[in-house]
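Participant: Just to be clear, the model below is a prediction. Sequence and coordinates:
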Amino acid sequence: MKTLMSERGQIVIPKKIRETIHLNKGDELEIEVRGETIVLRPLRRFKAKKWQDYAGIGEGIVAAHLKDKKKEKADEDAYS
């Protein structure tokens, strides 16, 4: 596959390649030079979500744990 470089040094990665390796607008690429070859490698990083996206996760677990602890404490107090 071929592509042309613009006057500003920009290239277009063909759509078929972008789709094959799941590249999207804004993805970061690492550039490596190996002799006369240029290697582009996508930098795959976990995209952190806003903390609000995680709000509420685990509430059921915490509530169940607290309920168990309260019951244990009540049982201990009843036998003391």
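Facilitator: Looks like it arrived, so ask away.

Participant: In this protein, what residue spans correspond to helices?
Facilitator: Along the chain, counting by DSSP state H, helices occupy 15-20, 51-54, 59-79.

Participant: Least reliable of the ones you listed by average pLDDT, please.
Facilitator: The weakest mean pLDDT among those belongs to helix 51-54, with a mean of 64.

Participant: picking that back up, of all the helices of the chain, which one comes closest to residue 27?
Facilitator: Evaluated over the helices of the chain, closeness to residue 27 peaks at helix 15-20, with 9.0 Å, by C-beta to C-beta. C-beta coordinates here come from the backbone N, C-alpha and C atoms, glycine included.

Participant: Can you pull out the residues in contact with that closest one?
Facilitator: Identification of contacts with helix 15-20 by C-beta atoms under 8 Å, 6 or more residues apart in numbering yields 1, 23, 24.

Participant: Just read off the phi/psi values of the residue nearest to the first one when sequence neighbours are not counted.
Facilitator: Here the nearest residue to residue 1 in space, its sequence neighbours aside, is residue 14; by C-beta to C-beta, 6 or more residues apart in numbering that works out to 5.6 Å. Comment: the main-chain dihedrals of residue 14 come out as phi -50, psi 150, following degrees, to the nearest 10.

Participant: Counting neighbours, which of the contacts of helix 15-20 comes out on top?
Facilitator: Using other C-beta atoms under 10 Å as the neighbour test, the contacts of helix 15-20 are led by residue 23, with 15 neighbours.

Participant: what residues are up against the residue nearest to that residue when sequence neighbours are not counted?
Facilitator: Closest residue to residue 23 apart from its sequence neighbours, by C-beta to C-beta, 6+ apart: residue 42 at 6.1 Å. Counting by C-beta under 8 Å, 6+ apart, residue 42 makes contact with 21, 23, 27, 28, 29, 30.

Participant: Tell me the bridge partners for residue 42.
Facilitator: residue 29 (DSSP bridges).

Participant: Start the count at 9 instead of 1 going forward.
Facilitator: Got it, the first residue is 9 from now on, which makes the last one we talked about residue 50.

Participant: Can you give me the pLDDT of it?
Facilitator: pLDDT at residue 50 comes out at 92.

Participant: go on, residue 88?
Facilitator: So, for residue 88, pLDDT stands at 70.
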